[in-house]
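S.K.: from the sequence below, what's the structure:
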Amino acid sequence: MRDPATIRLLPDGRRLHLNDGPIDLIIGADAAPGEIRGAYEAASTRFFTILDELCSELPVLRSRIASTSPLPTGPIARRMFDAVSPYRHHCFITPMAAVAGAVAEAVLAAMTEAADLARAYVNNGGDIALHLAAGQFFTIGMVERPDHPSLFGSMEISASLPVRGVATSGWRGRSFSLGIADAVTVLAEHAADADAAATIIANAIDLPAHPAILRVPAREIAPDSDLLDLPITRSVGPLSPHEIEQALDSGESVAQELRAQGLIHAAALCLQGYIRLVPVSNFLLRGSALQLRHQAAKKTGLQPLRTSSPSHAFRAMNPFLSFAEFNHETSFSRNRGS
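M.R.: Numbers count the residues shown, from 1 in each chain. Have a look, this model is predicted:
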């Protein structure tokens, strides 16, 4: 028997915290007080059904997706299946790679159906579904390492942009990864799509058979893991600048391919202090690592290692540069693996 679900307002009196087993949501909304109350009630009602709904189809959701795979029946399970389907012919992937984003989408949909909201977000462990009415925007903070959370930059997402999902993946996160990325943050049209894509890109940032990388079969850590005996990353030793660039090159190649297919809008790839940005347009660069690193270079006399177009690679030049102050409206993206 599992512990009962938790539903409470956070101490700021504005955000809602919902927790049920592995599902941990932070929810915020801007609207008239009555609309916010209605949205939070709808979120809570939908939330109570989610874990049992997913558990009823767990064998299918934990199985590698293929062209012959049975379709799930539940709406969240079906959304997970659809989000990972584009990758089924290219790599090992299960619908679980999109679970956090799909859950966030479902709760946000319940909120927007029940209330008239100017803007709202559902943050499921760093995978975030966004709602923006016309003229509204969110500022999303990005971290290089979730185990030492500090911001290297931010992204302003306005209602006019086709981005309503943000997700982060990497080996330092709460789930497993096959790659060595500290963090890969992806912007996409929907949260489940961002979730799946972040997993794929993070897995691609790798140096196979490198002696500084420790890997173990996933089932040695979690016997019921959907990754079975695939080798997951448990630690990554110091890498040379050339090795870091090589690993980031692999991830960037995948990110550019996903952009070309319309599966993502932008991505930020982080490995041992290096940051590679793959933007669709300048919106990803405003106030982000590009500006922060160049501002620091002017102050310290240090220079970024390399700048290329349309992506950029930077070396963190001073620990304090990972920190930036944002107003209380900021939603922060935390890392999540596979």
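S.K.: now stretch 200-215 - C-alpha only, CSV.
M.R.: Extracted C-alpha coordinates of stretch 200-215, given in CSV (Å, rounded to 0.1, in the frame of the first residue of the first chain):
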residue,chain,number,x,y,z
ILE,A,200,17.3,11.1,-27.2
ILE,A,201,19.8,14.0,-27.4
ALA,A,202,21.2,13.3,-23.9
ASN,A,203,21.8,9.7,-24.8
ALA,A,204,23.7,10.8,-28.0
ILE,A,205,26.2,12.9,-26.0
ASP,A,206,28.6,10.1,-25.3
LEU,A,207,32.1,8.7,-25.6
PRO,A,208,31.7,5.0,-26.0
ALA,A,209,34.2,2.8,-24.1
HIS,A,210,35.9,5.8,-22.5
PRO,A,211,37.8,4.6,-19.4
ALA,A,212,36.6,7.6,-17.3
ILE,A,213,33.0,6.7,-17.7
LEU,A,214,31.4,4.1,-15.3
ARG,A,215,28.3,2.3,-16.6
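S.K.: check this structure and tell me which residue is nearest its centre.
M.R.: With distances taken as CA atoms, centre = their mean, the residue of the chain nearest its centroid is Ala167 (1.6 Å).
S.K.: can I assume that residue is in contact with Ala102?
M.R.: No - Ala167 is beyond contact range of Ala102, at 10.7 Å (criterion: CB atoms under 8 Å). For glycine as for every other residue, the C-beta is placed from the backbone atoms N, C-alpha and C.
S.K.: now do the shared contacts for those two.
M.R.: Common neighbours of Ala167 and Ala102, using CB atoms under 8 Å, 6 or more residues apart in numbering, are 191, 195.
S.K.: ok, Ser253 touching Ala204?
M.R.: Yes - using CB under 8 Å, Ser253 is in contact with Ala204, at 7.4 Å.
S.K.: neighbour count winner among the two?
M.R.: Neighbour tally, Ser253 and Ala204, criterion other CB atoms under 10 Å: the higher count belongs to Ala204, 23 against 13.
S.K.: contact partners for the more buried one?
M.R.: Ala204 makes contacts with 179, 250-251, 253-254, as judged by CB under 8 Å, 6+ apart.
S.K.: name the nearest residue to it, ignoring sequence neighbours.
M.R.: Nearest non-adjacent residue to Ala204, counting by CB to CB, 6 or more residues apart in numbering: Val254, 4.2 Å away.
S.K.: which residues touch the one you found?
M.R.: Contacts here follow CB under 8 Å, 6+ apart; on that basis Val254 touches 200-201, 204.
S.K.: columns secondary structure and pLDDT on top of those, output as a markdown table?
M.R.: Shown next, in a markdown table, are those (DSSP: H, G, I helix; E, B strand; the rest coil; pLDDT from 0 to 100):
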| residue | secondary structure | pLDDT |
| --- | --- | --- |
| Ile200 | helix | 96 |
| Ile201 | helix | 97 |
| Ala204 | helix | 96 |
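S.K.: just name the closest of these to Leu263, please.
M.R.: Proximity of the contacts of Val254 to Leu263 was ranked by CB to CB; the top entry is Ile200 with 8.9 Å.
S.K.: circling back to that earlier point, name the SS class of the residue nearest to Ala204, please.
M.R.: Classification of Val254 by DSSP: H, G, I helix; E, B strand; the rest coil places it in helix.
S.K.: pLDDT value on it, please?
M.R.: Note on Val254: pLDDT of 96.
S.K.: what's the distance between it and Leu178?
M.R.: Relative to Leu178, Val254 is positioned 12 Å away (CB to CB, to the nearest Å).
S.K.: again, but for Ala114
M.R.: Using CB to CB, Ala114 is found at 39 Å from Leu178.
S.K.: sorry, back to before: need the max-distance pair from the contacts of Ala204.
M.R.: Gly179 and Ser253 (13.0 Å).
S.K.: okay, now the unreliable bits of the protein?
M.R.: Applying pLDDT under 70 to the chain picks out residues 1-2, 149-150, 280-338.
S.K.: same thing but 90
M.R.: Under the criterion pLDDT under 90, the flagged ranges of the chain are 1-5, 21, 66-69, 89-92, 125-126, 139-156, 171-176, 218-233, 273, 275-338.
S.K.: which helix runs longest in it?
M.R.: Longest helix of the chain, by residue count under DSSP state H: helix 33-55.
S.K.: pull out the buried residues from it.
M.R.: Neighbour-count burial for helix 33-55 flags 35-36, 38-44, 46-47, 50-51, 53-54 (criterion: 16 or more other CB atoms under 10 Å).
S.K.: contacts for the stretch of helix or strand Leu187 belongs to?
M.R.: Here Leu187, judged by DSSP states H and E, is contained in strand 183-188. Here strand 183-188 makes contact (CB under 8 Å, 6+ apart) with 142-146, 155, 157, 163, 165-170, 172-173, 194, 197-198, 201-202, 205, 251, 255, 263-270, 284, 333, 335.
S.K.: tell me how many other residues crowd His177.
M.R.: Not quite, residue 177 is Ser, not His. Counted with other CB under 10 Å, the neighbours of Ser177 add up to 25.
S.K.: isn't Tyr113 up against Ala42?
M.R.: Let me fix one detail, which is that residue 113 is Glu and not Tyr. Yes - the criterion here is CB under 8 Å, and Glu113 meets it with Ala42 at 7.0 Å.
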